[in-house]
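> From the sequence below, what's the structure:
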Amino acid sequence: MIKLLMKFALVGLSGIAVNLTVYHLLLALHIHYLAAASASFGFAVTNNFIWNYLWTFKDRGHHRSIPQTYSLFFMFSTMNLGLNLLVLHMLIHYLSFGETTAQLSAIALTSGLNFIFNHRITFFESKGTQVRRQRYPYESDCHTHVQ
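Numbers count the residues shown, from 1 in each chain. Take a look at the predicted model:
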């Protein structure tokens, strides 16, 4: 579980990079910060889905089609976006955060929900459909040397 959380966090960091790049580009084009955050979300969530599907949860949740899995991922991410936008708005208007600091803070505050929903629902693997994957030598436990 810790390994999945670490991978999810790394994917999340790449999503933050995508999110902030698009966000800054749109702000530079004088797009309202809430619209910019919504658009940057679309790019980031697609980036995150691809990496989570192929890397983080590569052995989980493949009993659904890719479009079904993406739909669930997108749905939970959209719910999280609503919370993110609320936090973003509150940080900017009530606590006088700068737009970028507020966006980073909102992402940090809401990203834990994404992991929980995606681990437990989107990439859920029922006990009846779990397939034990062969461990490769480089994946062994470095402390006990147990594979």
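> Low-confidence ranges, this structure, go.
Along the chain, the parts satisfying pLDDT under 70 run over 61, 126-147.
> run the last query once more with 80
Counting by pLDDT under 80, the low-confidence segments of the chain come to 1, 59-63, 125-147.
> Please, where are all the helices along it?
Defined through DSSP state H, the helices belonging to the chain, from first to last, are 2-28, 33-51, 66-93, 99-117.
> Look up phi and psi at K58.
Dihedral angles phi and psi of K58 (degrees, to the nearest 10) take the values phi -60, psi -20.
> How many residues are close by it?
Look at K58: counted by other CB atoms under 10 Å, it has 13 neighbours. C-beta: built from backbone N, CA, C; applies to glycine.
> What distance do you get for it to R64?
Going from K58 to R64 by CB to CB, to the nearest Å gives 14 Å.
> swap in M90?
Between M90 and R64 the distance is 35 Å, computed by CB to CB.
> Next: A17.
As defined by CB to CB, A17 lies at a distance of 28 Å from R64.
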